[in-house]
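In: Quick one, structure for this:
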Amino acid sequence: RSIATAAVEQDGMALRFALGPCRGDRGVVLAAVAQDGMALQFASEGCRADFHIVRTAVEQNGLSLCFAADALRGHFKLARLAVLQNGRALCFATPALKRNRSIVAVAAKAVAEE
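Out: As a prediction, the model looks like this:
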């Protein structure tokens with residue numbers, strides 16, 4: 001675990017080379033997504049359904065919302081964080097959130113500022 005953690009702290013995408021148990025280790029995955037939110041794609045299903053892990057990932061890279069569990073892609077606070085970081089993350093939110101005026105406004109503002 002310590003070797004995997006050290007590797008992902010340097011390059012979050014190194015999670016792709018980790019063995020299965022490390023991809024499900026909350027500490028390793030948190031370190032990976034804190035360094036590169038897109039590393040969420042290599043995390044276990046359980047980690048992709050973990051609110052704290054997904055929040056960390058979308059704060060680092062809003063586009064990582066696409067790798068979150070479906071239930072979390074529909075979570076208002078997570079979708080808002082994702083579109084604040086990258087307005088284009090709106091396309092990965094659930095249909096209901098794509099129709100939410102507040103989320104759409106935040107996304108439009110974020111895209112306009114890019």
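In: Regarding the protein, what is its longest helix?
Out: In terms of residue count, the longest helix belonging to the chain (DSSP state H) is helix 101-112.
In: So which bits of that helix are buried?
Out: Of the residues in helix 101-112, those with enough neighbours to count as buried (16 or more other C-beta atoms under 10 Å) are 103-104, 106-107, 110. (Glycine included, C-beta is placed from N, CA and C.)
In: If we only consider the residues you listed, which is nearest to Arg1?
Out: Distance to Arg1 across the buried residues of helix 101-112 (C-beta to C-beta) is lowest for Ala110, with 36.0 Å.
In: Spatially nearest residue to that closest one (excluding sequence neighbours)?
Out: Excluding the flanking residues, the one nearest Ala110 by C-beta to C-beta, 6 or more residues apart in numbering is Gly87, at 3.3 Å.
In: To what extent is the one you found buried, counted in neighbours?
Out: For Gly87, the neighbour count with other C-beta atoms under 10 Å is 20.
In: quick one: pLDDT of it?
Out: Among the per-residue scores, Gly87 shows a pLDDT of 96.
In: That one is in contact with Ala108, isn't it?
Out: Yes: using C-beta atoms under 8 Å, Gly87 and Ala108 qualify as a contacting pair, with a distance of 6.7 Å.
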